[in-house]
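A.B. asks: Sequence and computational prediction follow.
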Amino acid sequence: MADFTVSSLLALPVRLHGIQLGRPVDVLVDERGERVVGLEVLCGDGARRFLPFTVARIRPDEIAVESALMLLDERDLDYYRARTRRLAETRLVDPRIDDRGSVHSTRTAA
C-alpha cells in the first residue's frame, strides 16, 4: 500500500493471523509531526496499548501484526505519549501517511 489517509488507517482493525486484537484510536508522531512513531490501540480487553509503526503491516483490510507481544502495555504507551504528539495536534488537514510512516498534507488548518 503506497499511502493512506489517517481516517482510513483509524478504521482498520489490528489483527494477529486474522484474529482481531483491537482498533487504533490515535496516531502518534514525532515532535515535528513528520513521521509516525506508532499507534495507540484500544484492545478487546479495554486496555490501550502502543503499536510501533515499524512492526505494523498496513493492508487494505487490516493492520497486521506478527505477535501480540508487539502491542506494548500501558506503561510503555505512557512513555511514548510523553515523547510524541498526537497527529491531530499538528493541525494538518486531510493528512496522508506513506508506507514508511512519513506524514504528508497539502495545507494546515487556520
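C.D. replies: Yes, it's here.
A.B. asks: what's near enough to touch the residue nearest to the spatial centre of the chain?
C.D. replies: Geometric centre of the chain, nearest residue: Leu39, 2.7 Å, by Cα atoms, centre = their mean. Residues near Leu39 by Cβ atoms under 8 Å, 6 or more residues apart in numbering: 9, 14, 24, 26-28, 50-51, 53, 56, 63. C-betas here are computed from N, CA, C, even on glycine.
A.B. asks: so what does the helix or strand of the chain with the lowest mean pLDDT touch, helix or strand wise?
C.D. replies: Ranked by mean pLDDT, DSSP states H and E, the helix or strand of the chain with the weakest confidence is strand 3-5, at a mean of 90. Packed against strand 3-5, as judged by 3 or more Cβ pairs under 8 Å, 6 or more residues apart in numbering; DSSP states H and E, are the following elements: strand 96-98.
A.B. asks: neighbouring strands for the lengthiest strand in the chain, and are they parallel or not?
C.D. replies: If you go by DSSP state E, the chain has its longest strand at strand 19-29. Looking at strand 19-29 with DSSP bridges, its partner strands are strand 14-16 (antiparallel), strand 36-43 (antiparallel), strand 85-86 (antiparallel).
A.B. asks: Next SSE downstream of the longest one?
C.D. replies: Spelled out, it's strand 36-43. With elements assigned by DSSP states H and E, the helix or strand that comes after strand 36-43 is strand 48-52.
A.B. asks: Would you mark the buried spots in the helix or strand following that next one?
C.D. replies: Downstream of strand 48-52, the next assigned helix or strand under DSSP H and E is strand 57-59. Within strand 57-59, the residues that count as buried by 16 or more other Cβ atoms under 10 Å are Ile58.
A.B. asks: Report the rounded mean pLDDT for strand 57-59.
C.D. replies: Averaged across strand 57-59, pLDDT comes to 94.
A.B. asks: chain center to that strand: distance?
C.D. replies: 11 Å (Cα atoms, centre = their mean, to the nearest Å).
A.B. asks: just checking, what packs against it?
C.D. replies: Using 3+ Cβ pairs under 8 Å, 6+ apart: strand 57-59 touches strand 62-65.
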